[in-house]
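S.K.: Sequence below, structure please.
(2 chains)
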There are 2 protein chains.
Amino acid sequence: MENVKIIEIKKSVFEDNDRAADALRGELKKKGVFLLNLMSSPGSGKTTTLIQTINRLKDKLRIAVMEADIDSDVDAIKIKEATGVESIQLHTGGMCHLDAEMTEQGLTAVIGGQPSEVSSQPSAFDLVILENVGNLVCPAEFDTGAVKNAMILSVPEGHDKPLKYPLMFSICDVVVINKIDVLPYFDFDMEKCKEYIHMRNPKATVIPICAKTGEGVEAFANWLLKEVARWKE
Amino acid sequence: MENVKIIEIKKSVFEDNDRAADALRGELKKKGVFLLNLMSSPGSGKTTTLIQTINRLKDKLRIAVMEADIDSDVDAIKIKEATGVESIQLHTGGMCHLDAEMTEQGLTAVIGGQPSEVSSQPSAFDLVILENVGNLVCPAEFDTGAVKNAMILSVPEGHDKPLKYPLMFSICDVVVINKIDVLPYFDFDMEKCKEYIHMRNPKATVIPICAKTGEGVEAFANWLLKEVARWKE
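M.R.: Below is the predicted model of the structure:
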(Lines give C-alpha, C1' and ligand atoms only; values in the text may rest on other atoms or scores of the structure.)
Protein backbone atom coordinates (compact mmCIF):
# COMPACT_ATOMS: atom_id res chain seq x y z
CA MET A 1 0.00 0.00 0.00
CA GLU A 2 1.38 3.43 -0.92
CA ASN A 3 2.13 6.07 1.64
CA VAL A 4 0.60 9.50 1.26
CA LYS A 5 1.48 12.79 2.85
CA ILE A 6 -0.85 13.66 5.71
CA ILE A 7 -1.31 17.33 6.63
CA GLU A 8 -2.88 18.23 9.98
CA ILE A 9 -4.55 21.50 9.12
CA LYS A 10 -5.14 24.11 11.78
CA LYS A 11 -8.24 26.12 12.40
CA SER A 12 -8.24 29.35 10.49
CA VAL A 13 -7.55 32.62 12.28
CA PHE A 14 -8.84 34.67 9.35
CA GLU A 15 -11.96 36.54 10.32
CA ASP A 16 -12.85 37.51 6.80
CA ASN A 17 -12.97 34.23 4.93
CA ASP A 18 -14.42 35.78 1.77
CA ARG A 19 -11.46 38.14 1.50
CA ALA A 20 -9.00 35.29 2.07
CA ALA A 21 -10.79 33.19 -0.57
CA ASP A 22 -10.63 36.00 -3.15
CA ALA A 23 -6.93 36.52 -2.43
CA LEU A 24 -6.24 32.80 -2.87
CA ARG A 25 -8.16 32.72 -6.15
CA GLY A 26 -6.13 35.71 -7.35
CA GLU A 27 -2.88 33.89 -6.66
CA LEU A 28 -4.13 30.72 -8.34
CA LYS A 29 -5.05 32.77 -11.42
CA LYS A 30 -1.52 34.19 -11.62
CA LYS A 31 -0.06 30.70 -11.31
CA GLY A 32 -2.52 29.20 -13.80
CA VAL A 33 -3.75 26.61 -11.27
CA PHE A 34 -7.44 25.64 -11.41
CA LEU A 35 -8.79 24.58 -7.99
CA LEU A 36 -12.01 22.53 -7.93
CA ASN A 37 -13.91 22.16 -4.64
CA LEU A 38 -15.83 18.87 -4.71
CA MET A 39 -18.56 18.37 -2.10
CA SER A 40 -21.24 15.78 -1.28
CA SER A 41 -22.92 13.71 1.43
CA PRO A 42 -21.01 10.78 2.92
CA GLY A 43 -21.12 7.78 0.61
CA SER A 44 -22.21 9.54 -2.59
CA GLY A 45 -19.16 8.27 -4.48
CA LYS A 46 -16.76 11.24 -4.51
CA THR A 47 -13.59 9.15 -4.51
CA THR A 48 -14.75 6.69 -7.19
CA THR A 49 -15.91 9.61 -9.37
CA LEU A 50 -12.53 11.30 -8.95
CA ILE A 51 -10.62 8.16 -9.93
CA GLN A 52 -12.70 7.72 -13.10
CA THR A 53 -12.40 11.41 -13.98
CA ILE A 54 -8.67 11.68 -13.31
CA ASN A 55 -7.92 8.59 -15.40
CA ARG A 56 -9.61 10.34 -18.35
CA LEU A 57 -7.70 13.61 -17.83
CA LYS A 58 -4.24 12.72 -16.54
CA ASP A 59 -2.63 12.64 -19.98
CA LYS A 60 -4.00 16.11 -20.77
CA LEU A 61 -3.56 17.90 -17.44
CA ARG A 62 -1.11 17.80 -14.56
CA ILE A 63 -3.39 16.91 -11.64
CA ALA A 64 -3.09 16.80 -7.85
CA VAL A 65 -5.71 15.84 -5.26
CA MET A 66 -6.23 17.02 -1.67
CA GLU A 67 -8.45 14.64 0.31
CA ALA A 68 -10.02 16.27 3.35
CA ASP A 69 -11.20 13.88 6.02
CA ILE A 70 -11.73 13.92 9.72
CA ASP A 71 -9.03 11.43 10.46
CA SER A 72 -8.62 8.54 8.04
CA ASP A 73 -6.27 8.43 5.04
CA VAL A 74 -7.94 5.69 3.00
CA ASP A 75 -9.16 8.05 0.25
CA ALA A 76 -5.77 9.64 -0.50
CA ILE A 77 -4.14 6.21 -0.71
CA LYS A 78 -6.94 4.91 -2.95
CA ILE A 79 -6.59 7.87 -5.35
CA LYS A 80 -2.81 7.54 -5.53
CA GLU A 81 -2.94 3.79 -6.15
CA ALA A 82 -5.70 4.00 -8.76
CA THR A 83 -4.49 7.00 -10.76
CA GLY A 84 -0.83 7.60 -9.94
CA VAL A 85 -1.38 11.35 -9.49
CA GLU A 86 -0.08 13.32 -6.53
CA SER A 87 -2.52 12.92 -3.64
CA ILE A 88 -2.32 14.25 -0.10
CA GLN A 89 -4.59 13.82 2.89
CA LEU A 90 -5.80 16.85 4.86
CA HIS A 91 -6.86 16.04 8.39
CA THR A 92 -9.40 18.57 9.62
CA GLY A 93 -9.15 17.50 13.27
CA GLY A 94 -12.89 17.02 13.61
CA MET A 95 -13.79 20.18 11.68
CA CYS A 96 -16.77 19.76 9.38
CA HIS A 97 -15.56 21.96 6.53
CA LEU A 98 -12.54 23.72 5.03
CA ASP A 99 -12.19 27.48 4.69
CA ALA A 100 -9.83 29.40 2.41
CA GLU A 101 -6.95 29.52 4.84
CA MET A 102 -7.17 25.80 5.58
CA THR A 103 -7.29 25.14 1.83
CA GLU A 104 -4.19 27.29 1.35
CA GLN A 105 -2.35 25.17 3.96
CA GLY A 106 -3.09 22.15 1.79
CA LEU A 107 -2.12 23.91 -1.45
CA THR A 108 1.15 25.02 0.07
CA ALA A 109 1.94 21.39 0.84
CA VAL A 110 1.00 20.36 -2.71
CA ILE A 111 2.46 23.07 -4.90
CA GLY A 112 5.17 24.26 -2.49
CA GLY A 113 5.87 27.65 -0.90
CA GLN A 114 3.29 30.34 -0.28
CA PRO A 115 1.16 30.92 -3.38
CA SER A 116 2.13 34.61 -3.14
CA GLU A 117 5.85 33.79 -3.20
CA VAL A 118 5.77 31.54 -6.19
CA SER A 119 3.26 33.33 -8.38
CA SER A 120 5.91 34.27 -10.91
CA GLN A 121 7.06 30.67 -11.31
CA PRO A 122 5.22 28.21 -13.50
CA SER A 123 3.08 25.84 -11.45
CA ALA A 124 3.66 22.11 -11.33
CA PHE A 125 -0.10 21.49 -11.67
CA ASP A 126 -2.92 22.62 -13.96
CA LEU A 127 -5.73 21.19 -11.84
CA VAL A 128 -5.91 20.66 -8.08
CA ILE A 129 -9.03 18.95 -6.78
CA LEU A 130 -10.10 19.41 -3.17
CA GLU A 131 -12.35 16.60 -1.96
CA ASN A 132 -14.14 18.39 0.86
CA VAL A 133 -15.55 16.73 4.03
CA GLY A 134 -18.69 14.64 3.34
CA ASN A 135 -21.37 17.06 4.48
CA LEU A 136 -24.08 19.07 2.68
CA VAL A 137 -24.32 21.83 5.26
CA CYS A 138 -21.09 23.40 6.55
CA PRO A 139 -18.84 23.19 3.47
CA ALA A 140 -21.43 25.27 1.57
CA GLU A 141 -20.96 28.15 3.99
CA PHE A 142 -17.22 28.63 3.49
CA ASP A 143 -15.64 29.80 0.24
CA THR A 144 -12.47 27.70 -0.09
CA GLY A 145 -10.94 29.94 -2.75
CA ALA A 146 -11.77 27.37 -5.44
CA VAL A 147 -12.37 28.53 -9.00
CA LYS A 148 -15.49 26.35 -9.29
CA ASN A 149 -17.65 24.36 -6.88
CA ALA A 150 -18.92 20.90 -7.80
CA MET A 151 -21.12 18.52 -5.88
CA ILE A 152 -22.20 14.93 -6.24
CA LEU A 153 -25.75 13.91 -5.41
CA SER A 154 -26.33 10.16 -5.56
CA VAL A 155 -29.63 8.61 -6.67
CA PRO A 156 -30.31 6.81 -3.33
CA GLU A 157 -30.26 10.16 -1.49
CA GLY A 158 -33.42 11.26 -3.30
CA HIS A 159 -34.38 13.96 -5.79
CA ASP A 160 -35.67 16.29 -3.05
CA LYS A 161 -32.26 17.22 -1.64
CA PRO A 162 -32.08 20.64 -3.39
CA LEU A 163 -35.21 21.55 -1.38
CA LYS A 164 -33.58 20.57 1.90
CA TYR A 165 -30.01 21.81 1.41
CA PRO A 166 -30.65 25.01 -0.56
CA LEU A 167 -27.30 26.75 0.01
CA MET A 168 -25.22 23.80 -1.21
CA PHE A 169 -27.11 23.63 -4.51
CA SER A 170 -27.12 27.41 -4.99
CA ILE A 171 -23.31 27.70 -4.81
CA CYS A 172 -22.47 24.75 -7.08
CA ASP A 173 -21.53 25.33 -10.71
CA VAL A 174 -21.97 21.68 -11.58
CA VAL A 175 -24.07 18.94 -9.97
CA VAL A 176 -23.03 15.39 -10.82
CA ILE A 177 -25.84 12.89 -10.24
CA ASN A 178 -24.13 9.60 -9.44
CA LYS A 179 -25.30 5.96 -9.21
CA ILE A 180 -27.73 6.20 -12.13
CA ASP A 181 -27.30 2.42 -12.52
CA VAL A 182 -29.65 1.95 -9.53
CA LEU A 183 -32.37 4.30 -10.83
CA PRO A 184 -34.78 1.34 -11.33
CA TYR A 185 -34.67 0.53 -7.61
CA PHE A 186 -35.31 3.99 -6.18
CA ASP A 187 -38.14 6.53 -6.42
CA PHE A 188 -35.83 9.10 -7.97
CA ASP A 189 -37.35 11.51 -10.50
CA MET A 190 -34.50 12.87 -12.64
CA GLU A 191 -36.61 15.63 -14.22
CA LYS A 192 -37.89 16.82 -10.83
CA CYS A 193 -34.32 16.74 -9.51
CA LYS A 194 -33.10 18.96 -12.37
CA GLU A 195 -36.06 21.29 -11.80
CA TYR A 196 -35.24 21.63 -8.07
CA ILE A 197 -31.52 22.16 -8.79
CA HIS A 198 -32.36 24.93 -11.26
CA MET A 199 -34.73 26.53 -8.73
CA ARG A 200 -31.65 26.97 -6.53
CA ASN A 201 -29.23 27.82 -9.33
CA PRO A 202 -30.56 28.32 -12.87
CA LYS A 203 -27.02 28.22 -14.31
CA ALA A 204 -25.96 24.91 -12.74
CA THR A 205 -24.76 22.22 -15.15
CA VAL A 206 -26.28 18.81 -14.32
CA ILE A 207 -24.37 15.67 -15.35
CA PRO A 208 -25.84 12.20 -14.63
CA ILE A 209 -23.15 9.51 -14.28
CA CYS A 210 -22.40 6.06 -12.93
CA ALA A 211 -18.91 6.24 -11.44
CA LYS A 212 -18.83 2.46 -10.98
CA THR A 213 -19.22 1.69 -14.71
CA GLY A 214 -17.86 5.01 -16.02
CA GLU A 215 -21.09 5.96 -17.82
CA GLY A 216 -21.35 9.73 -18.23
CA VAL A 217 -17.95 10.45 -16.65
CA GLU A 218 -16.64 11.68 -20.03
CA ALA A 219 -19.10 14.60 -19.87
CA PHE A 220 -17.83 15.64 -16.43
CA ALA A 221 -14.20 15.30 -17.58
CA ASN A 222 -14.96 17.47 -20.63
CA TRP A 223 -16.65 20.10 -18.46
CA LEU A 224 -13.51 20.24 -16.31
CA LEU A 225 -11.18 20.35 -19.31
CA LYS A 226 -13.07 23.32 -20.75
CA GLU A 227 -13.15 25.18 -17.42
CA VAL A 228 -9.42 24.65 -16.83
CA ALA A 229 -8.63 25.94 -20.34
CA ARG A 230 -10.81 29.02 -19.77
CA TRP A 231 -9.06 29.74 -16.44
CA LYS A 232 -5.64 29.58 -18.08
CA GLU A 233 -6.53 31.96 -20.91
CA MET B 1 -51.76 19.70 3.52
CA GLU B 2 -51.54 20.09 7.30
CA ASN B 3 -49.88 23.02 8.95
CA VAL B 4 -47.17 22.39 11.49
CA LYS B 5 -45.66 24.64 14.10
CA ILE B 6 -42.31 26.05 12.98
CA ILE B 7 -39.82 27.13 15.64
CA GLU B 8 -36.89 29.35 14.67
CA ILE B 9 -34.29 28.24 17.16
CA LYS B 10 -31.53 30.58 18.24
CA LYS B 11 -27.88 29.85 18.61
CA SER B 12 -27.03 28.67 22.07
CA VAL B 13 -25.27 30.98 24.48
CA PHE B 14 -24.35 28.13 26.79
CA GLU B 15 -20.62 27.65 26.89
CA ASP B 16 -20.74 24.35 28.65
CA ASN B 17 -22.97 22.23 26.45
CA ASP B 18 -22.26 19.01 28.35
CA ARG B 19 -23.52 20.56 31.57
CA ALA B 20 -26.65 21.89 29.86
CA ALA B 21 -27.26 18.45 28.33
CA ASP B 22 -26.98 16.69 31.69
CA ALA B 23 -29.36 19.21 33.26
CA LEU B 24 -31.90 18.67 30.48
CA ARG B 25 -31.65 14.88 30.85
CA GLY B 26 -32.23 15.27 34.59
CA GLU B 27 -35.43 17.23 33.99
CA LEU B 28 -36.62 14.74 31.39
CA LYS B 29 -36.04 11.92 33.88
CA LYS B 30 -38.21 13.70 36.47
CA LYS B 31 -40.97 14.20 33.92
CA GLY B 32 -40.70 10.66 32.57
CA VAL B 33 -40.05 11.86 29.01
CA PHE B 34 -37.68 9.78 26.87
CA LEU B 35 -35.85 11.88 24.26
CA LEU B 36 -34.31 10.06 21.30
CA ASN B 37 -31.76 11.88 19.12
CA LEU B 38 -31.90 10.44 15.59
CA MET B 39 -29.03 11.25 13.25
CA SER B 40 -27.88 10.27 9.74
CA SER B 41 -26.57 11.50 6.39
CA PRO B 42 -28.95 13.33 4.07
CA GLY B 43 -31.22 10.89 2.26
CA SER B 44 -30.69 7.84 4.47
CA GLY B 45 -34.41 7.52 5.16
CA LYS B 46 -34.84 9.10 8.62
CA THR B 47 -38.37 10.37 7.99
CA THR B 48 -39.66 7.14 6.41
CA THR B 49 -38.14 5.11 9.24
CA LEU B 50 -39.81 7.38 11.79
CA ILE B 51 -43.22 7.05 10.14
CA GLN B 52 -43.00 3.25 10.11
CA THR B 53 -41.75 3.15 13.71
CA ILE B 54 -44.29 5.61 15.09
CA ASN B 55 -47.18 3.76 13.44
CA ARG B 56 -46.10 0.63 15.36
CA LEU B 57 -45.79 2.48 18.68
CA LYS B 58 -48.45 5.18 18.75
CA ASP B 59 -51.06 3.01 20.50
CA LYS B 60 -48.58 2.12 23.22
CA LEU B 61 -46.78 5.44 23.76
CA ARG B 62 -47.69 9.12 23.58
CA ILE B 63 -45.24 10.37 20.94
CA ALA B 64 -44.11 13.76 19.62
CA VAL B 65 -41.55 14.56 16.91
CA MET B 66 -39.21 17.53 16.48
CA GLU B 67 -37.89 17.80 12.92
CA ALA B 68 -34.72 19.86 12.68
CA ASP B 69 -33.98 21.24 9.26
CA ILE B 70 -32.16 24.17 7.81
CA ASP B 71 -35.24 25.80 6.42
CA SER B 72 -37.89 23.53 4.92
CA ASP B 73 -40.91 22.09 6.75
CA VAL B 74 -41.68 19.14 4.48
CA ASP B 75 -40.61 16.50 7.03
CA ALA B 76 -42.76 17.75 9.92
CA ILE B 77 -45.81 17.90 7.64
CA LYS B 78 -45.09 14.41 6.27
CA ILE B 79 -44.81 12.93 9.78
CA LYS B 80 -48.01 14.60 10.95
CA GLU B 81 -49.98 13.49 7.89
CA ALA B 82 -48.69 9.91 7.97
CA THR B 83 -48.91 9.21 11.70
CA GLY B 84 -51.20 11.82 13.29
CA VAL B 85 -48.74 12.44 16.13
CA GLU B 86 -47.69 15.91 17.27
CA SER B 87 -44.89 17.12 15.01
CA ILE B 88 -43.07 20.45 14.99
CA GLN B 89 -40.37 21.83 12.75
CA LEU B 90 -37.20 23.32 14.20
CA HIS B 91 -35.43 25.73 11.88
CA THR B 92 -31.74 25.87 12.69
CA GLY B 93 -31.07 28.99 10.61
CA GLY B 94 -28.23 27.37 8.68
CA MET B 95 -26.71 25.70 11.75
CA CYS B 96 -25.45 22.20 11.07
CA HIS B 97 -26.39 20.64 14.41
CA LEU B 98 -28.46 21.09 17.58
CA ASP B 99 -27.01 21.48 21.04
CA ALA B 100 -28.77 20.96 24.37
CA GLU B 101 -30.06 24.48 24.69
CA MET B 102 -31.45 24.50 21.14
CA THR B 103 -33.09 21.14 21.85
CA GLU B 104 -34.63 22.56 25.00
CA GLN B 105 -36.15 25.41 22.96
CA GLY B 106 -37.87 22.78 20.85
CA LEU B 107 -38.97 20.71 23.85
CA THR B 108 -40.44 23.78 25.49
CA ALA B 109 -42.55 24.35 22.39
CA VAL B 110 -43.66 20.70 22.40
CA ILE B 111 -44.27 19.92 26.05
CA GLY B 112 -44.90 23.49 27.24
CA GLY B 113 -43.18 25.67 29.83
CA GLN B 114 -39.57 25.32 30.91
CA PRO B 115 -38.73 21.69 31.75
CA SER B 116 -37.58 22.90 35.16
CA GLU B 117 -40.93 24.58 35.84
CA VAL B 118 -43.10 21.66 34.93
CA SER B 119 -41.07 18.80 36.33
CA SER B 120 -43.64 18.10 39.00
CA GLN B 121 -46.47 17.82 36.49
CA PRO B 122 -47.07 14.66 34.50
CA SER B 123 -45.83 14.99 30.93
CA ALA B 124 -48.09 14.84 27.92
CA PHE B 125 -45.57 12.61 26.10
CA ASP B 126 -43.67 9.39 26.82
CA LEU B 127 -41.37 9.63 23.83
CA VAL B 128 -40.09 12.70 21.98
CA ILE B 129 -37.97 12.03 18.90
CA LEU B 130 -35.55 14.66 17.63
CA GLU B 131 -34.73 14.21 13.96
CA ASN B 132 -31.37 16.00 13.86
CA VAL B 133 -29.90 17.79 10.81
CA GLY B 134 -28.73 15.37 8.07
CA ASN B 135 -24.99 15.35 8.76
CA LEU B 136 -22.55 12.74 10.12
CA VAL B 137 -20.05 15.22 11.50
CA CYS B 138 -21.32 18.12 13.60
CA PRO B 139 -24.36 16.56 15.34
CA ALA B 140 -22.02 13.93 16.82
CA GLU B 141 -20.05 16.64 18.62
CA PHE B 142 -22.94 18.13 20.59
CA ASP B 143 -24.82 16.27 23.32
CA THR B 144 -28.48 17.28 22.81
CA GLY B 145 -29.58 16.07 26.23
CA ALA B 146 -31.18 12.99 24.67
CA VAL B 147 -31.47 9.78 26.68
CA LYS B 148 -30.21 7.70 23.75
CA ASN B 149 -28.59 8.41 20.40
CA ALA B 150 -29.63 6.54 17.28
CA MET B 151 -28.34 6.75 13.76
CA ILE B 152 -29.39 5.43 10.40
CA LEU B 153 -26.79 4.26 7.90
CA SER B 154 -28.24 3.33 4.53
CA VAL B 155 -26.83 0.54 2.35
CA PRO B 156 -25.93 2.83 -0.61
CA GLU B 157 -23.63 4.89 1.63
CA GLY B 158 -21.28 1.92 2.05
CA HIS B 159 -20.14 -0.31 4.88
CA ASP B 160 -16.95 1.72 5.44
CA LYS B 161 -18.66 4.74 7.03
CA PRO B 162 -17.76 3.79 10.64
CA LEU B 163 -14.11 4.10 9.56
CA LYS B 164 -14.63 7.59 8.17
CA TYR B 165 -17.01 9.10 10.74
CA PRO B 166 -15.69 7.52 13.95
CA LEU B 167 -17.25 9.90 16.48
CA MET B 168 -20.79 9.47 15.15
CA PHE B 169 -20.62 5.69 15.45
CA SER B 170 -18.94 5.80 18.86
CA ILE B 171 -21.73 7.88 20.45
CA CYS B 172 -24.69 5.94 19.03
CA ASP B 173 -26.49 3.34 21.16
CA VAL B 174 -28.26 1.88 18.16
CA VAL B 175 -27.35 1.85 14.46
CA VAL B 176 -30.23 1.16 12.08
CA ILE B 177 -29.04 -0.10 8.69
CA ASN B 178 -31.70 1.01 6.21
CA LYS B 179 -32.48 0.13 2.58
CA ILE B 180 -31.55 -3.55 2.90
CA ASP B 181 -33.88 -4.19 -0.07
CA VAL B 182 -31.16 -2.84 -2.38
CA LEU B 183 -28.35 -4.97 -0.91
CA PRO B 184 -28.10 -7.00 -4.16
CA TYR B 185 -27.21 -3.84 -6.13
CA PHE B 186 -24.44 -2.47 -3.90
CA ASP B 187 -21.07 -3.74 -2.68
CA PHE B 188 -22.20 -3.58 0.93
CA ASP B 189 -20.77 -6.16 3.32
CA MET B 190 -23.14 -6.42 6.31
CA GLU B 191 -20.71 -8.44 8.44
CA LYS B 192 -17.87 -5.99 7.79
CA CYS B 193 -20.21 -3.11 8.61
CA LYS B 194 -21.15 -4.66 11.96
CA GLU B 195 -17.48 -5.31 12.67
CA TYR B 196 -16.56 -1.66 11.95
CA ILE B 197 -19.48 -0.37 14.07
CA HIS B 198 -18.39 -2.53 16.99
CA MET B 199 -14.80 -1.30 16.59
CA ARG B 200 -16.18 2.17 17.36
CA ASN B 201 -18.70 1.09 19.97
CA PRO B 202 -18.73 -2.55 21.14
CA LYS B 203 -22.10 -2.06 22.87
CA ALA B 204 -23.98 -0.65 19.86
CA THR B 205 -27.14 -2.49 18.83
CA VAL B 206 -27.31 -2.99 15.05
CA ILE B 207 -30.73 -3.37 13.41
CA PRO B 208 -31.02 -3.94 9.64
CA ILE B 209 -34.32 -2.68 8.20
CA CYS B 210 -36.11 -1.64 5.02
CA ALA B 211 -38.21 1.39 5.96
CA LYS B 212 -39.97 1.31 2.58
CA THR B 213 -41.42 -2.18 3.08
CA GLY B 214 -41.37 -2.18 6.90
CA GLU B 215 -39.02 -5.19 7.14
CA GLY B 216 -37.12 -5.15 10.44
CA VAL B 217 -38.85 -2.02 11.76
CA GLU B 218 -40.53 -4.10 14.49
CA ALA B 219 -37.11 -4.77 16.04
CA PHE B 220 -36.31 -1.06 16.19
CA ALA B 221 -39.76 -0.30 17.65
CA ASN B 222 -39.23 -2.98 20.30
CA TRP B 223 -35.80 -1.59 21.18
CA LEU B 224 -37.40 1.83 21.70
CA LEU B 225 -40.30 0.42 23.72
CA LYS B 226 -37.88 -1.34 26.07
CA GLU B 227 -35.66 1.73 26.48
CA VAL B 228 -38.65 4.02 27.19
CA ALA B 229 -39.93 1.57 29.83
CA ARG B 230 -36.50 1.41 31.47
CA TRP B 231 -36.28 5.24 31.56
CA LYS B 232 -39.67 5.50 33.26
CA GLU B 233 -38.87 2.94 35.97
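
S.K.: Stretch A:183-202: which residues count as buried?
M.R.: Using 16 or more other C-beta atoms under 10 Å in any protein chain shown as the burial criterion, the residues of stretch A:183-202 that qualify are A:L183, A:Y185, A:F186, A:F188, A:C193, A:K194, A:Y196, A:I197, A:R200, A:N201. The way it works is simple: take the backbone N, C-alpha and C, and place the C-beta from them, glycine included.

S.K.: Who are the contact partners of the second one?
M.R.: When contacts are counted by C-beta atoms under 8 Å, 6 or more residues apart in numbering or on different chains, A:Y185 touches B:D181, B:V182, B:Y185.

S.K.: Please tabulate the residues you listed in CSV and include distance to A:T108, pLDDT and secondary structure as additional columns.
M.R.: Formatted as CSV, these follow (distance: C-beta to C-beta, whole Å; pLDDT from 0 to 100; DSSP: H, G, I helix; E, B strand; the rest coil):
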residue, distance to A:T108, pLDDT, secondary structure
B:D181, 47, 97, helix
B:V182, 42, 97, helix
B:Y185, 42, 95, helix
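
S.K.: Please identify which helix or strand holds A:L224.
M.R.: According to DSSP states H and E, A:L224 maps onto helix A:217-231.

S.K.: Skipping its backbone neighbours, what lies nearest A:G134 in space?
M.R.: Residue nearest to A:G134 in three dimensions, not counting chain neighbours: A:P42, with 3.7 Å by C-beta to C-beta, 6 or more residues apart in numbering or on different chains.

S.K.: Next: A:H91.
M.R.: Closest residue in space to A:H91, ignoring its immediate chain neighbours: A:E8 at 4.9 Å, by C-beta to C-beta, 6+ apart.

S.K.: so that neighbour makes contact with A:G94?
M.R.: No. Counting by C-beta atoms under 8 Å, A:G94 is not a contact partner of A:E8; they are 11.2 Å apart.

S.K.: between the two, who's got more neighbours?
M.R.: Neighbour tally, A:E8 and A:G94, criterion other C-beta atoms under 10 Å in any protein chain shown: the higher count belongs to A:G94, 15 against 11.

S.K.: Check the secondary structure at the more buried one for me.
M.R.: coil (DSSP: H, G, I helix; E, B strand; the rest coil).

S.K.: Tell me, how many residues neighbour the closest residue in space to it that isn't next to it in sequence?
M.R.: The shortest distance from A:G94 to any residue other than its chain neighbours is 5.9 Å, reached at A:I70 (C-beta to C-beta, 6+ apart). Each residue near A:I70 was counted by other C-beta under 10 Å, and the total is 20.

S.K.: How many residues are close by A:D16?
M.R.: Using other C-beta under 10 Å, A:D16 is surrounded by 10 other residues.

S.K.: Quick check: the gap between it and A:F142.
M.R.: The gap separating A:D16 from A:F142 is 12 Å, by C-beta to C-beta, to the nearest Å.

S.K.: A:L130 is in contact with A:L35, correct?
M.R.: Yes. Counting by C-beta under 8 Å, A:L35 touches A:L130, with 6.5 Å between them.

S.K.: if you count what's nearby, which of the two comes out ahead?
M.R.: A:L130 (27 against 23).

S.K.: sec struct for the more buried one, please.
M.R.: Look at A:L130: counting by three-state DSSP, its state is strand.

S.K.: what bridges to it?
M.R.: A:N37, A:M66 (DSSP bridges).

S.K.: And the pLDDT for it?
M.R.: If you check A:L130, the pLDDT there is 96.

S.K.: A:L90 now?
M.R.: Among the per-residue scores, A:L90 holds a pLDDT of 88.

S.K.: Relative to B:T47, how far out is A:E67?
M.R.: Distance of A:E67 to B:T47, computed by C-beta to C-beta: 31 Å.

S.K.: Between these two, which has more neighbouring residues?
M.R.: A:E67 (29 against 19).

S.K.: so whichever strand or helix holds A:I177 versus helix A:217-231, what angle?
M.R.: For A:I177, the host element (DSSP H and E) is strand A:174-178. Relative orientation of strand A:174-178 versus helix A:217-231 (axes from the mean of the first three to the mean of the last three C-alpha atoms, to 10 degrees): 160 degrees.

S.K.: what sits up against strand A:174-178?
M.R.: By C-beta under 8 Å, 6+ apart, strand A:174-178 touches A:44-45, A:49, A:148-155, A:169, A:190, A:193, A:197, A:204-211, A:220, A:223.

S.K.: In helices, which of those residues fall?
M.R.: Per DSSP state H, helices hold the following members of these: A:T49, A:F169, A:M190, A:C193, A:I197, A:F220, A:W223.

S.K.: got a pLDDT number for the most centrally placed residue in chain A?
M.R.: Residue closest to the average C-alpha location in chain A (C-alpha atoms, centre = their mean): A:L38, at 1.9 Å. Per-residue pLDDT puts A:L38 at 97.

S.K.: Give the full set of residues in contact with it.
M.R.: A:L38 makes contact with A:K46, A:L50, A:I129, A:L130, A:E131, A:N132, A:A150, A:M151, A:I152, according to C-beta under 8 Å, 6+ apart.

S.K.: and if we set it to 6 Å?
M.R.: Applying C-beta atoms under 6 Å, 6 or more residues apart in numbering or on different chains to A:L38 gives the contacts A:K46, A:I129, A:E131, A:A150.

S.K.: Now for the last one, how many residues are close by?
M.R.: The one in question is A:A150. Counted with other C-beta under 10 Å, A:A150 comes out at 27.

S.K.: got it, and the second one?
M.R.: For A:I129, the count of nearby residues is 26 (other C-beta under 10 Å).

S.K.: is it true that it touches A:L36?
M.R.: Yes. Using C-beta atoms under 6 Å, A:I129 makes contact with A:L36 at a distance of 4.8 Å.

S.K.: you'd agree A:G216 is up against A:I209?
M.R.: Yes. With contact defined as C-beta under 6 Å, A:G216 reaches A:I209; the gap is 3.4 Å.

S.K.: residue ranges for the strands of chain A, please.
M.R.: Under the criterion DSSP state E, chain A contains strands at A:5-8, A:34-40, A:63-69, A:86-91, A:127-131, A:148-154, A:174-178, A:205-208.

S.K.: what does the average pLDDT come to for the third one?
M.R.: Looking back up the chat, that one is strand A:63-69. On average, the pLDDT along strand A:63-69 is 92.

S.K.: Distance from it to the middle of the chain?
M.R.: In terms of C-alpha atoms, centre = their mean, to the nearest Å, the centre of strand A:63-69 is found 8 Å from the chain centre.
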